[in-house]
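J.: Sequence first, then the predicted structure:
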There are 6 protein chains.
Amino acid sequence: MPYVNIKITNEGVSAEQKAALISGVTDLLRTVLGKNPATTVVVIDEVETDNWGIGGEPVTRRREKGM
Amino acid sequence: MPYVNIKITNEGVSAEQKAALISGVTDLLRTVLGKNPATTVVVIDEVETDNWGIGGEPVTRRREKGM
Amino acid sequence: MPYVNIKITNEGVSAEQKAALISGVTDLLRTVLGKNPATTVVVIDEVETDNWGIGGEPVTRRREKGM
Amino acid sequence: MPYVNIKITNEGVSAEQKAALISGVTDLLRTVLGKNPATTVVVIDEVETDNWGIGGEPVTRRREKGM
Amino acid sequence: MPYVNIKITNEGVSAEQKAALISGVTDLLRTVLGKNPATTVVVIDEVETDNWGIGGEPVTRRREKGM
Amino acid sequence: MPYVNIKITNEGVSAEQKAALISGVTDLLRTVLGKNPATTVVVIDEVETDNWGIGGEPVTRRREKGM
């Protein structure tokens, strides 16, 4: 029954990587808390780098600076 | 003043269906809790089936299996 | 499989009212989109009035003004 | 370490405006609470007007009415 | 830089279990996507069983039925 | 009409500081995007330090280490 939301920047994440995140988080909740995988929901949000800020500036600018 | 977020998979939901969700949730909050519709906010997120997991796998794979 | 999050101020909502919100939203998603109630998740967050702002001020202050 | 999520309708917000929101919110958290800008995360979600409801109807319809 | 939100019912989760969720999710994001643990944020929300609905009813009622 | 969610650790934030966050964010959205303060909603979540992770560990442990 848990609900997990993963937010990451939209920078070329493949369907296989998303599937690995989904199965990994579901396993973790089963192992640590005994949660039933059948009702564990995982939602991945891919956010444009213009729309994600850290350190007071958009990730787009940090990428331009090589950060 | 309530805020409601509805997350569903992105599988062909029409503008009319979204309007029905918005009016239905707003009515429910007015009926059950007396909340003012004028300040009730509803946000619908449509999530790609690769990005939605249940049962440890993406919905894309479940749809391929006919689930 | 939908996930719905309802945020309201923490002002004496009863367990019966919460149950009515949960069943009402679940019915709405079944009726409008054909979603399966068995995997529809609803989470209600009750937020202290000091922590909810509208019109640039906390709801606590608005309640003191009779708004 | 704070996390801030800003949801707005998708109506032509520029990269410069998003950068101004990110720097403004980060400054506010530093000024009011002494939070470290280096670990302050801001995520902006732009929501289609069909998917945003207020007053029981989608913003799309309100825009058509000149609201 | 990822942000992960885990929502679970408030049913006696220990500080050690929460620490295991935090380290497990952070490791997963490093392994699958190469994300830097130093800026990976995880927030766990524990939700009262009256406030969590599945199958159209609160978890409180399901627990009373032995589900 | 914007909706802003601010998540911070629960470490003694006063009602005055919360009011300053609410008015500051509302002003920022008016200034940068011309958004109407009357319908700008701000919700502040205070999260226990056991439930907030960064760098793969709970903030509680980081505070014990003087971080």
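T.: Ah, there it is.

J.: which residues of chain A fall in helices?
T.: A:15-33, A:59-64 (DSSP state H).

J.: Export only the CA atoms of stretch A:57-64, formatted as CSV.
T.: The C-alpha coordinates for stretch A:57-64 follow below in CSV (Å, rounded to 0.1, in the frame of the first residue of the first chain):
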residue,chain,number,x,y,z
GLU,A,57,19.9,28.5,-9.7
PRO,A,58,18.4,26.2,-12.4
VAL,A,59,20.2,23.0,-13.2
THR,A,60,20.4,24.2,-16.8
ARG,A,61,22.9,26.9,-15.7
ARG,A,62,24.8,24.5,-13.6
ARG,A,63,25.2,22.1,-16.5
GLU,A,64,26.5,25.0,-18.6
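
J.: Determine whether any part of that stretch lies close to chain D.
T.: Yes. Interface with chain D: stretch A:57-64 contributes A:57-58, A:60-61 (Cβ under 8 Å from any Cβ of the partner chain). Any C-beta I mention is one placed from the backbone N, CA and C, and that applies to glycine too.

J.: Below-threshold pLDDT in chain A: ranges please.
T.: Of all residues in chain A, none has pLDDT under 70.

J.: go with 90
T.: The model of chain A has pLDDT under 90 over residues A:1, A:66-67.

J.: who in it is up against chain D?
T.: So chain A meets chain D at A:7, A:47, A:50-58, A:60-61 (Cβ under 8 Å from any Cβ).

J.: So which of the residues you listed sit within strands?
T.: Mapping the residues of chain A next to chain D onto strands (DSSP state E) picks out A:7, A:47, A:52-54, A:57-58.

J.: And the furthest pair within those?
T.: By the measure Cβ to Cβ, A:Lys7 and A:Glu57 form the most distant pair in those, at 17.7 Å.

J.: quick one on the thing from earlier: just curious, which of the residues of stretch A:57-64 next to chain D is nearest to F:Gly34?
T.: Distances from F:Gly34 to the residues of stretch A:57-64 next to chain D, taken by Cβ to Cβ, are shortest for A:Pro58, at 20.4 Å.

J.: Next, count neighbours for that closest one.
T.: 25 (other Cβ atoms under 10 Å in any protein chain shown).

J.: show me the contacts for A:Ile8.
T.: By Cβ atoms under 8 Å, 6 or more residues apart in numbering or on different chains, the residues touching A:Ile8 are A:44-47, E:1-2, E:29, E:33, E:35.

J.: hmm, 7 Å instead?
T.: By Cβ atoms under 7 Å, 6 or more residues apart in numbering or on different chains, the contact set of A:Ile8 is A:46, E:2, E:33.

J.: Number of residues surrounding the second one?
T.: Translated: E:Pro2. Each residue near E:Pro2 was counted by other Cβ under 10 Å, and the total is 25.

J.: how close does it get to D:Tyr3?
T.: From E:Pro2 across to D:Tyr3, the span is 11 Å (Cβ to Cβ, to the nearest Å).

J.: and stretch A:20-29, anywhere near chain E?
T.: Yes. Legend: contact between stretch A:20-29 and chain E by Cβ under 7 Å from any Cβ of the partner chain is shown at A:20-21, A:24-25, A:28.

J.: In terms of neighbours, single out the busier of A:Lys7 and A:Glu57.
T.: More crowded of A:Lys7 and A:Glu57, by other Cβ under 10 Å: A:Lys7, with 21 against 17.

J.: Now do the more buried one against E:Thr9, distance only.
T.: Using Cβ to Cβ, A:Lys7 is found at 22 Å from E:Thr9.

J.: re the thing from before, check the ones in strands among the residues of chain A next to chain D against chain E, which are close?
T.: For chain E, the contacts drawn from those by Cβ under 7 Å from any Cβ are A:7, A:54.

J.: Now render the ones in strands among the residues of chain A next to chain D as TSV, adding distance to F:Val13.
T.: Shown next, in TSV, are those (distance: Cβ to Cβ, whole Å):
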residue	distance to F:Val13
A:Lys7	24
A:Val47	26
A:Trp52	25
A:Gly53	21
A:Ile54	22
A:Glu57	25
A:Pro58	27
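
J.: Chain B: which of the ones in strands among the residues of chain A next to chain D is nearest?
T.: A:Lys7 (10.9 Å; Cβ to the nearest Cβ).

J.: Distance of that closest one relative to B:Ser23?
T.: 29 Å.

J.: And for A:Arg30?
T.: Taken as Cβ to Cβ, the span from A:Arg30 to B:Ser23 is 39 Å.

J.: buried sites along stretch A:6-24?
T.: Residues A:6-9, A:13, A:17-19, A:21-24 are the ones in stretch A:6-24 that count as buried (16 or more other Cβ atoms under 10 Å in any protein chain shown).

J.: Only alpha carbons, please: show that stretch as CSV.
T.: Extracted as CSV, the C-alpha positions of stretch A:6-24 are listed here (Å, rounded to 0.1, in the frame of the first residue of the first chain):
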residue,chain,number,x,y,z
ILE,A,6,10.7,9.8,-7.2
LYS,A,7,11.6,13.2,-8.8
ILE,A,8,14.7,13.4,-11.0
THR,A,9,15.9,15.7,-13.8
ASN,A,10,14.9,14.8,-17.3
GLU,A,11,18.3,13.8,-18.7
GLY,A,12,17.9,10.7,-20.8
VAL,A,13,16.7,8.1,-18.3
SER,A,14,15.8,4.9,-20.1
ALA,A,15,12.7,2.6,-19.7
GLU,A,16,15.0,-0.1,-18.3
GLN,A,17,16.4,2.3,-15.7
LYS,A,18,12.9,3.3,-14.7
ALA,A,19,11.9,-0.3,-14.3
ALA,A,20,15.0,-0.9,-12.1
LEU,A,21,14.0,2.0,-9.9
ILE,A,22,10.4,0.6,-9.6
SER,A,23,11.5,-2.9,-8.8
GLY,A,24,14.3,-1.7,-6.4
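
J.: just how off-centre is it within its chain?
T.: In terms of Cα atoms, centre = their mean, to the nearest Å, the centre of stretch A:6-24 is found 6 Å from the chain centre.

J.: Next: stretch A:15-29.
T.: Centroid displacement of stretch A:15-29 relative to its chain, using Cα atoms, centre = their mean, is 10 Å.
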